[in-house]
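Asks: Can you look at this prediction? I've put the sequence above it.
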Amino acid sequence: MADLGVIFMHNEGYSTMCGHAVIALGRYAVDSGLLSTDVSRSSVGEVPVFIECPCGVVKALVDIEEGKSGRVRFVSVPAFAFGLDVEVNTEKFGQVKVDIGFGGAFYAIVPAHRLGVDVRSSRLADIVEAAIAITNAGKSQIRLHHPDSEELAFLYGTIVTDGKDMFNSDLQEATANVCVFADSEVDRSPTGSGVTARIAVQYARKQIGLHQMRVFEQGLVGSTFTGQAVKETKVGDFDAVHVEVAGNAYYTGKCTFTVEKDDPFREGFLLK
């Protein structure tokens with residue numbers, strides 16, 4: 001049973017998973033008093049928060065220190081590599097090989113050099129244009145399916161990476177990416193569900209093992225998450241892993257929406 005349910009809204013509708021929002025909701029659930037901060041609910045000074053997302057129930061663990069919440073980690077729904085080195089044809093970049101990973105949502109994952117961009121130094125507009133080309137090609141050319149729900153079987157976006165997917169046990173160097181999703185939106189974080197999908201693909205390629213923690217960075221703004229595969233499992237015929245992602249969320253403000261019955265635009269409107 002979940003402690004709360006959530007729908008993640010964006011400029012094109014809703015997403016099936018948002019790891020950064022789970023981190024934020026975990027902190028908010030504790031800070032707001034929605035859940036008790038009694039650490040007896042767990043064993044290491046953390047409060048568990050079970051959040052029902054469109055992709056399934058996700059467990060967040062909120063670190064508590066002196067009665068205040070801090071870093072949050074969550075354990076994903078089963079994540080898996082749907083396909084490796086899948087070829088898509090694009091008008092601008094020709095034939096491009098991508099990996100398709102599921103981390104609560106499906107992503108195309110592609111190294112930046114295949115698109116002629118750099119996730120740390122290229123113009124954002126160029127990265128977005130390249131990512132959209134991959135997403136559009138993937139949507140039209142790759143038929144996705146999810147063993148648990150066909151409502152999850154759509155390509156949510158494209159993650160452009162620096163190509164540093166191999167785990168380096170000596171340097172533990174951060175690997176950077178930029179995630180473009182929905183209607184050309186760019187995530188200001190490394191993307192929690194995207195990190196989950198990248199870990200699943202790296203694990204399928206045997207580039208990392210269980211409990212090998214990686215640092216993921218949003219290449220243009222520098223925000224970071226950590227991620228690691230913590231348990232093997234199965235989703236239908238797919239070999240899958242549960243992935244733990246950790247990060248921080250910060251308050252930026254509070255807002256209250258009011259709906260009046262005689263407001264002709266009470267259900268909102270959309271201009272394009």
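Replies: It's in. Residues are numbered from 1 along each chain as shown.
Asks: now the strands for the stretch 51-200 of the chain?
Replies: Assigned by DSSP state E, counting those that start in this stretch, the strands in the stretch 51-200 of the chain fall at 56-65, 68-75, 79-90, 94-102, 106-111, 155-161, 175-181, 185-186.
Asks: which of these has the lowest average pLDDT?
Replies: Note on these: lowest mean pLDDT is at strand 68-75, with a mean of 86.
Asks: Identify each buried residue in that one, please.
Replies: When burial is assessed from 16 or more other Cβ atoms under 10 Å, strand 68-75 yields the following buried residues: Ser69, Arg71, Val72, Arg73, Phe74, Val75. (Each C-beta comes from the backbone N, C-alpha and C, glycine too.)
Asks: mind putting those in CSV, distance to Asn89 included?
Replies: As requested, the buried residues of strand 68-75 are exported to CSV (distance: Cβ to Cβ, whole Å):
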residue, distance to Asn89
Ser69, 47
Arg71, 43
Val72, 40
Arg73, 39
Phe74, 36
Val75, 37
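Asks: And the furthest pair within the residues you listed?
Replies: The largest separation in the buried residues of strand 68-75, counting by Cβ to Cβ, is between Ser69 and Val75 at 17.6 Å.
Asks: quick check: domain ranges of the protein?
Replies: By the assignment in the TED database, the chain contains the domains 4-76, 77-247.
Asks: quick one: terminal-to-terminal distance for the shortest one?
Replies: It stands for domain 4-76. For domain 4-76, the first-to-last residue distance is 16 Å (Cα to Cα, to the nearest Å).
Asks: cool, stretch 92-111 as well?
Replies: Stretch 92-111 has an end-to-end distance of 16 Å (Cα to Cα).
Asks: Please identify the buried residues of it?
Replies: Within stretch 92-111, the residues that count as buried by 16+ other Cβ under 10 Å are 93, 96, 98-111.
Asks: Correct me if wrong: Thr196 contacts Phe106.
Replies: No. Using Cβ atoms under 8 Å, Thr196 makes no contact with Phe106, being 11.3 Å away.
Asks: What is the neighbour count of Gly116?
Replies: Around Gly116 there are 11 other residues, counting by other Cβ atoms under 10 Å.
Asks: What pLDDT is listed against it?
Replies: 97.
Asks: And for the one 5 residues further on?
Replies: Per-residue confidence (pLDDT) for Ser121: 96.
Asks: Excluding chain neighbours, what is closest to His10?
Replies: Among residues not flanking His10 along the chain, Ala182 sits closest, at 4.5 Å (Cβ to Cβ, 6 or more residues apart in numbering).
Asks: In this structure that neighbour contacts Phe8, no?
Replies: No. Contact status for Ala182 versus Phe8: not in contact, 10.2 Å apart, counting by Cβ under 8 Å.
Asks: Same question for stretch 225-235: list its buried residues.
Replies: Per 16+ other Cβ under 10 Å, stretch 225-235 contains these buried residues: Phe225, Thr226, Gly227, Gln228, Ala229, Val235.
Asks: can you name the two of those residues that are farthest apart?
Replies: Thr226 and Val235 (23.4 Å).
Asks: Low-confidence regions, this structure specifically.
Replies: Residue ranges of the chain with pLDDT under 70: 36-44, 66-68, 169-171.
Asks: Please, where are all the helices along it?
Replies: Ranges of helices in the chain, per DSSP state H, are 19-31, 124-141, 192-204.
Asks: how about those helices in TSV, adding mean neighbour count and distance to Thr256?
Replies: Listed next are the helices of the chain as TSV, based on neighbours: other Cβ atoms under 10 Å; distance: least, Cβ to Cβ, whole Å:
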stretch	mean neighbour count	distance to Thr256
helix 19-31	23	15
helix 124-141	18	32
helix 192-204	30	26
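Asks: Tell me which of those helices approaches Leu115 most closely.
Replies: Closest among those, once you apply Cβ to Cβ, is helix 124-141, at 3.9 Å.
Asks: still on that earlier bit, of all the helices of the chain, which lies closest to Phe216?
Replies: Phe216 sits nearest to helix 192-204 of all the helices of the chain, at 4.8 Å, using Cβ to Cβ.
Asks: quick check: angle from the closest one to strand 175-181?
Replies: 130 degrees (axes from the mean of the first three to the mean of the last three Cα atoms, to 10 degrees).
Asks: I appreciate the help and will end here.
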